[in-house]
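>>> Quick one, structure for this:
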Amino acid sequence: MTIQLFAFDTPNGRKISVALEEMGLSYNAQIVDITKDQQFKPEFLAISPNNKIPAITDPDGPEGRPISVFESGAILIYLAEKTGKFLPPKSNQRVAVLEWLMFQMGGFGPAPGQVHHFLGLENVDDQRYGLKRFSAETKRLYKVMNHRLEEHTYFADELSIADFAILGWVWRHARHQIELSDYPNVKRWFELLMNRPAVKRGFEVKLR
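Modelled structure (predicted):
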C-alpha cells in the first residue's frame with residue numbers, strides 16, 4: 001500500500017523523499033506549502049500537531065493498521081524499522097546510527113537553520129549577532145563531521161538513516177555559507193551520496 005508524504009522543498013522534507021526512494025517504498029508526495037501557511041490547516045495538524053513538515057501516513061502500519069508519523073527523525077526510524085533497511089536491529093552500529101541521527105536532529109539542523117533565518121533579515125544590525133553565533137556553530141559541526149568521516153565512509157560505517165538525515169542539511173551548504181572544499185571528507189561523502197540513483201530520485205520529487 002502507498003505511503004503519503006506531506007512535505008516541502010526543505011532539508012527535512014528531502015530527508016524523507018531520499019529515504020523512501022532508497023528503501024524502495026511506494027509513496028505519493030503532497031506539497032504542504034509552508035510559504036502559504038498550509039502547515040496550519042486543520043487537516044495537516046491532525047497528523048502533525050507541531051505544524052511542521054514532513055509527516056507521513058501509512059495505511060499499512062504496525063499490525064496492519066493505519067498510522068501517521070510526524071518529526072523527520074521519528075519518520076526515518078519508523079521507515080527503517082518497517083523495511084529492515086538502514087538501521088541495524090542490534091549491535092554497536094545501531095547505536096552509532098542513532099547517535100549521528102540525534103546529532104543532526106539536535107544540532108546540525110537547528111544551527112544552520114538559524115543561519116538561514118538571520119541571512120534573510122534585511123537589517124544588518126539584526127543579522128550581525130545571530131550570524132556570528134550560528135555561523136560559528138555550523139562550522140564547528142562541519143568540523144565534527146569532517147573528523148568522523150576521515151576514517152568512515154558513512155557516519156555509522158554502512159549507509160544508514162543518519163546519512164539521509166545529515167544529507168538534507170549538507171545539501172543546503174551554499175545557503176548557510178559553507179565551502180565544502182574546506183571540509184574534504186564531508187565533500188567526498190556528499191558527492192558519493194548525491195551520485196546514488198535513489199538519492200537523485202529523492203531530490204527530483206516535486207516538493208514545491
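>>> What segments of this structure are strands?
For the chain, strands defined by DSSP state E occupy the ranges 3-7, 27-31, 55-58, 67-70.
>>> Mean pLDDT for those strands - can I get that in TSV?
Formatted as TSV, those follow (pLDDT from 0 to 100):
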stretch	mean pLDDT
strand 3-7	98
strand 27-31	98
strand 55-58	98
strand 67-70	98
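>>> Can you check which of those gets nearest to residue 126?
Residue 126 lies closest to strand 3-7 among the strands of the chain, at 29.6 Å (Cβ to Cβ). C-betas here are computed from N, CA, C, even on glycine.
>>> between that closest one and strand 27-31, how many degrees?
Inter-element angle recorded for strand 3-7 and strand 27-31: 30 degrees (by axes from the mean of the first three to the mean of the last three Cα atoms, to 10 degrees).
>>> Show me what strand 3-7 pairs with in its sheet, parallel or antiparallel.
strand 27-31 (parallel), strand 55-58 (antiparallel) (DSSP bridges).
>>> tell me the most buried of those?
strand 55-58 (a mean of 23; mean count of other Cβ atoms under 10 Å).
>>> contacts for that strand?
Outside of strand 55-58, the residues within contact range by Cβ atoms under 8 Å, 6 or more residues apart in numbering are 1, 3-7, 16, 27, 44, 47-48, 66-70, 75, 78-79, 82.
>>> Noted, bye for now.
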